[in-house]
Each structure stands twice: as C-alpha cells, then as structure tokens.
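Engineer: Take this sequence and fold it.
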Amino acid sequence: MAALTEGKKAPSFKGKDQNGIMISLSDFKGQNVVLYFYPQDDTPTCTVQACNLRDNFGLLRNKGFAVIGVSPDEVTKHKKFETKHELPFTLIADPELKVIEKYGVWGEKSMYGKKYMGLLRTTFLIDKNGVIQKIFSKPKSKEHAKEIMEAWNALS
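Structural biologist: Here you go, the predicted structure:
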C-alpha cells in the first residue's frame with residue numbers, strides 16, 4: 001500500500017471501541033477528526049498523551065473535532081484505561097493490526113539498541129470531507145492538543 005500523505009482520502013476502517021461497539025470512520029462524517037495511534041494503554045507516554053487530549057477535549061470539540069485513539073490493546077484494556085483516566089473520547093481496539101496497518105503506522109522501532117516491530121506514535125487530522133490535512137509522525141505527548149490546534153489554525 002502507498003504511504004498516506006496529506007491531501008489524500010483517509011482510509012475507512014471499522015473496529016470495536018472500549019464499550020465493545022463497532023465504530024467506523026464514516027460514523028464521524030461531517031466532523032473533523034483527530035485520529036491518534038498510540039502503542040499501549042496505561043504506559044507513561046501514552047497516558048500523558050491521552051490525558052493531554054482529555055484535558056483539552058472541550059477546546060477540540062468546540063473546534064468541531066471528534067477524537068479517536070487506536071492501539072493494539074483489547075477492548076477490556078481500553079475500558080480500564082478510559083475509566084481510570086476519565087477519557088471522554090473513543091478508543092478503538094486493534095489487536096489484529098488491521099487499522100494500524102491501513103494507516104501505515106506499524107514499523108521498525110529501536111530501544112536500547114534492539115530493533116523490533118511496533119506501533120509508531122502518529123496522529124492524523126482528518127477534515128469533514130474525510131481528507132487527511134495534517135500528519136504528526138512524532139507528536140509531542142505533553143502538548144499534543146496545542147500542536148493540533150496550531151496546525152489546524154494554520155490550515156484554516
């Protein structure tokens with residue numbers, strides 16, 4: 001599959017959310033979408049990122065954004081993560097890596113000199129028409145909402 005780029009149509013997907021309900025990208029038609037991929041629930045950096053989006057959720061929603069997080073974790077793990085951190089947005093469980101691979105965010109990583117395959121933390125800003133407007137290949141977890149708003153304002 002060709003790499004996704006800004007200006008291209010966002011690939012459609014379906015997956016179960018933290019409540020076990022099947023969700024698809026088309027459910028958010030007519031809304032701007034922050035689609036963020038993160039490696040694992042309840043790990044330090046992933047929690048910081050999720051809580052930053054939670055703390056700024058009202059601002060993002062006022063700008064017309066729906067927020068969707070995707071990781072390889074199971075539905076039950078997402079539910080615990082959502083409850084523990086009071087996350088007000090959708091989390092998609094993708095243990096089979098279908099959505100993750102569609103968006104090209106599974107790749108080689110390196111930690112302590114060891115190489116392995118894993119999820120590459122990435123965020124896609126998708127407009128109301130389903131077009132990718134911005135890709136953050138290395139989002140700043142502590143200030144991710146600010147970075148999203150700055151990018152969106154520059155696009156507007």
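
Engineer: is it true that Asp55 touches His144?
Structural biologist: No. With contact defined as CB atoms under 8 Å, Asp55 does not count as touching His144 (10.3 Å). Where you see a C-beta, it was placed from the backbone N, CA and C, and this is true even at glycine.

Engineer: Which one's more surrounded, those two?
Structural biologist: Between Asp55 and His144, counted using other CB atoms under 10 Å, the more crowded position is His144 (22 against 10).

Engineer: okay, the closest residue to the more buried one other than its chain neighbours: pLDDT?
Structural biologist: Once flanking residues are discounted, His144 sits nearest to Asn52: 5.0 Å by CB to CB, 6 or more residues apart in numbering. You'll see Asn52 listed with a pLDDT of 97.

Engineer: ranges for the strands of this protein?
Structural biologist: Remark: strands assigned in the chain by DSSP state E are 14-17, 22-24, 32-37, 65-71, 90-93, 106-111, 114-119, 122-126, 132-136.

Engineer: The fifth one pairs with which strands?
Structural biologist: Translated: strand 90-93. Here strand 90-93 has these sheet partners by DSSP bridges: strand 14-17 (antiparallel), strand 65-71 (parallel).

Engineer: who wins for proximity to Glu101 among the ones you listed?
Structural biologist: With CB to CB, the closest approach to Glu101 among those belongs to strand 65-71: 11.3 Å.

Engineer: ok and the closest one relative to strand 114-119, angle-wise?
Structural biologist: 140 degrees (axes from the mean of the first three to the mean of the last three CA atoms, to 10 degrees).

Engineer: For strand 65-71, what does the pLDDT average out to?
Structural biologist: For strand 65-71, the mean per-residue pLDDT is 97.

Engineer: which secondary element of this structure has the worst mean pLDDT?
Structural biologist: None of the helices or strands of the chain scores lower by mean pLDDT, DSSP states H and E than strand 106-111, at a mean of 88.

Engineer: got the angle for it vs strand 114-119?
Structural biologist: Using the same axes, to 10 degrees, the direction of strand 106-111 lies 140 degrees away from that of strand 114-119.

Engineer: From the contact counts, what lies against strand 106-111?
Structural biologist: strand 114-119 (3 or more CB pairs under 8 Å, 6 or more residues apart in numbering; DSSP states H and E).
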